[in-house]
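Engineer: how would this look folded up:
(2 chains)
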Amino acid sequence: MIDVNSYLGHFAFRQLRHNTASELLRLMDSRKIERAVVSSAAAITYRNAQAGNEELARDVKTHRGRLIPLGVVNPAYAGWRDDLKICHEEFGAKGLRLYPRWHNYSLSDPACLELVNAASDRGLVISIPLRVEDRRQQSWLVDIPDVSQDEIAGLIQSCPNARFILVNGSGYARSVLGRRNNGLPPNYVIDISLLRVELENEVGQLIENLGEERVVFGTGMPFHYPDPAILKLEILDASEAVKERIRRRNAASVLGLPSA
Amino acid sequence: MQAARPQTKHPSFGRVIDCHAHLHHRSRPSWQDDDRKLIDAADKLGIEQLCCSVLTPLKPATAEQFRECNQWVAEGMRRFPGRVLGYCFVNPGYGRQALDEVRRCVEDRSFVGVKMYNDYRANEPVVWPIVELTIELRVPILHHAGHAQWLPQPQPRISDGGHLAELARRYPEAMLICGHLGGGGDWEWTIKALRNAASVYLDTSGSVIDEGMIEMAAKILGVDRIVFGCDMSMTAGVGKIRSATLAAADKEQILGRNMHGILSRRASA
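Structural biologist: Numbers count the residues shown, from 1 in each chain, chains lettered A, B, ... in the order given. Below you'll find the predicted structure:
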């Protein structure tokens, strides 16, 4: 399996476990997860997100065969062009994670569009977590809503050459992102970490509406337990071939990994 | 208080019991299919029994509305015999009507407990007669709960772990279940608020699957006070127990043995 939705480091509002490279790898081994896309949890709340990317780069340095780093870059902060260059050229990032609500910008801001296009020119993927935590449990210090799916759709429409991995979202079938023939370029995939399969079967709806190549495996570790996502694949009413695509092949394809 | 009438039949209890589930309100056109899907999902996930209530879409519920919901639960118990166990949902503000409904559901319809929502906080005096009746009937109360800074829809009288702990101090013999650790906001707060309320159980249900939440509850409360639930988030519910770093015996206790013990108190009456 390839997990497109993992993290390393500390988070400002809750203690995380399994949040170093070696600990996360042990957890991955216990669940037969071969590779994971990781970014810095600390960079979500650091004013200077690049400091989180530096921590991440140090931690994954000797585990690059299994941990695929993404840089967290804030296009509203000074020096983001330098950060992008360093993340790609020095840290070996395969992509970026964007936190528009936490970093106080809009996905339609010119700087964000410039960042996404510049990253795409470098061959980097763009991962957007729709949420970090359930809003109900957020600290009294912050009130951060989920990223609007309409806002994401606008970015996707504006950047047809980019490749997007949307994680920690749900309810896609009720938005343009999950609709059949939605007029958007097919340049985005959606992770299953917070999707339902048992009652509403959002995963089945997305496969039907968007195609079996558009759904990818993601857990949200170590913010989340891994087994809910694994269970979803176990009980999903789909062929083994489709499940294999979700487990690894779709992610390998969008990440440009050789096993695609 | 009246003496409990002898109950004519008792359900038997399985090894995996979802302590927090719902059948669907019949204003939903697809309610029959949706109820069937619930049972199908339980089958796939190894959940043998589901303790279900039906809630009104709009709250507070009137007496007529909660009686209607409970009628549907009774019908659900007949449609899915041995799989659906019934909670009697009442709004305690209806006083005698609520009490009569609880007694009728438990004594005449073999319901296994009472469900209360956010009509009143758990520590308000209007709730006390219901609690006293559940003590007499030896059935638990599953109480909707949450401690959140931000709620998508305001719930001015939602209870939290602190309110349930206060109620437990007044009625230590009551069997109180604090609803949805994983759907009630700041779960660390909830666990800590319940630490010294030894008679309050904590239900694990809800869509939130934060790593470490079950282990923290086990460490602070003890595994004998944790009861497995999904509240319709079923892969989340089962997955968080499967993931938790606990001994297999502890997981079995959470998945069914603790709820079995709670439900058996009525059965042994």
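
Engineer: Nearest to chain B: which residue in the stretch 1-150 of chain A?
Structural biologist: Minimum separation of the stretch 1-150 of chain A from chain B (C-beta to the nearest C-beta) falls at A:Arg136, amounting to 4.1 Å. Placement of C-beta: from N, CA and C, glycine included.

Engineer: helices or strands up against the strand or helix carrying A:Leu27?
Structural biologist: Using DSSP states H and E, A:Leu27 maps to helix A:21-30. When contacts are defined as 3 or more C-beta pairs under 8 Å, 6 or more residues apart in numbering or on different chains; DSSP states H and E, helix A:21-30 sits against strand A:2-8, strand A:35-40, strand A:67-72.

Engineer: Tabulate the ones you listed (CSV), appending mean pLDDT, mean neighbour count and distance to B:Gly146.
Structural biologist: Below are the helices and strands packed on helix A:21-30 laid out as CSV (pLDDT from 0 to 100; neighbours: other C-beta atoms under 10 Å in any protein chain shown; distance: least, C-beta to C-beta, whole Å):
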stretch, mean pLDDT, mean neighbour count, distance to B:Gly146
strand A:2-8, 98, 28, 26
strand A:35-40, 98, 26, 30
strand A:67-72, 98, 26, 30
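
Engineer: In TSV, list those strands along with distance to chain B.
Structural biologist: Shown next, in TSV, are those (distance: least, C-beta to the nearest C-beta, whole Å):
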stretch	distance to chain B
strand A:2-8	11
strand A:35-40	14
strand A:67-72	17
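
Engineer: what about the residue nearest the centre of chain B, which SS state?
Structural biologist: For chain B, B:Leu142 is the residue whose C-alpha lies nearest the centre (C-alpha atoms, centre = their mean; 3.3 Å). Three-state assignment for B:Leu142 (DSSP: H, G, I helix; E, B strand; the rest coil): strand.

Engineer: What is the three-state secondary structure of B:Cys52?
Structural biologist: B:Cys52 ends up strand, using three-state DSSP.

Engineer: What is the burial count for it?
Structural biologist: Residues contacting B:Cys52 under the criterion other C-beta atoms under 10 Å in any protein chain shown number 27.

Engineer: Double-check it against B:Arg83; I have them as touching.
Structural biologist: No: using C-beta atoms under 8 Å as the test, B:Cys52 is too far from B:Arg83 to be in contact (9.3 Å).

Engineer: Let me see the backbone angles for the closest residue to the residue nearest to the centre of chain B other than its chain neighbours.
Structural biologist: By the measure of C-beta to C-beta, 6 or more residues apart in numbering or on different chains, the closest residue to B:Leu142 outside its immediate chain neighbours is B:Ile177, 4.5 Å from it. For B:Ile177, the backbone dihedrals (degrees, to the nearest 10) come out as phi -120, psi 120.

Engineer: Can you list the residue ranges for strands in the chain?
Structural biologist: Since no chain was named, I'll use chain A. Listed in chain order, the strands of chain A (DSSP state E) span A:2-8, A:35-40, A:67-72, A:95-97, A:125-129, A:164-167, A:188-191, A:215-216.

Engineer: Chain B, not that one
Structural biologist: Going by DSSP E, chain B shows strands at B:17-22, B:49-53, B:84-89, B:113-116, B:141-143, B:176-178, B:200-203, B:226-227.

Engineer: Give the residue spans of the chain that score low on pLDDT.
Structural biologist: This is for chain A. Along chain A, the model assigns pLDDT under 70 to residues A:259-260.

Engineer: um, chain B though
Structural biologist: Using pLDDT under 70, chain B drops low at B:1-11, B:267-269.

Engineer: what residues does it put near chain A?
Structural biologist: B:34, B:37-38, B:41, B:44-45, B:146, B:148-152, B:183-188, B:207-212, B:232-236, B:238-240, B:242-244 (C-beta under 8 Å from any C-beta of the partner chain).

Engineer: Tell me the residues of the stretch 51-200 of chain A that contact chain B?
Structural biologist: A:133-140, A:143, A:194, A:196-199.

Engineer: can you list the residues that contact the helix holding A:Leu27?
Structural biologist: A:3, A:6, A:8, A:17-18, A:34, A:36, A:38, A:59-60, A:62-63, A:66-67, A:221-222, A:226 (C-beta atoms under 8 Å, 6 or more residues apart in numbering or on different chains).

Engineer: Can you name every helix or strand that the longest helix along chain B contacts?
Structural biologist: In chain B, assigned by DSSP state H, the helix with the most residues is helix B:63-79. Applying 3+ C-beta pairs under 8 Å, 6+ apart, we find helix B:63-79 packed against strand B:49-53, strand B:84-89, helix B:95-103, helix B:109.

Engineer: I'd like the ones you listed as CSV, with distance to B:Pro156 appended.
Structural biologist: Converted to CSV, the helices and strands packed on helix B:63-79 look like this (distance: least, C-beta to C-beta, whole Å):
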stretch, distance to B:Pro156
strand B:49-53, 22
strand B:84-89, 20
helix B:95-103, 20
helix B:109, 32
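
Engineer: need the contact list for the spatially closest residue to A:Phe91 that is not a sequence neighbour.
Structural biologist: Leaving aside its chain neighbours, A:Phe91 sits nearest to A:Ala57 (4.0 Å; criterion: C-beta to C-beta, 6+ apart). By C-beta under 8 Å, 6+ apart, the contact list for A:Ala57 reads A:Pro69, A:Glu90, A:Phe91, A:Gly92.
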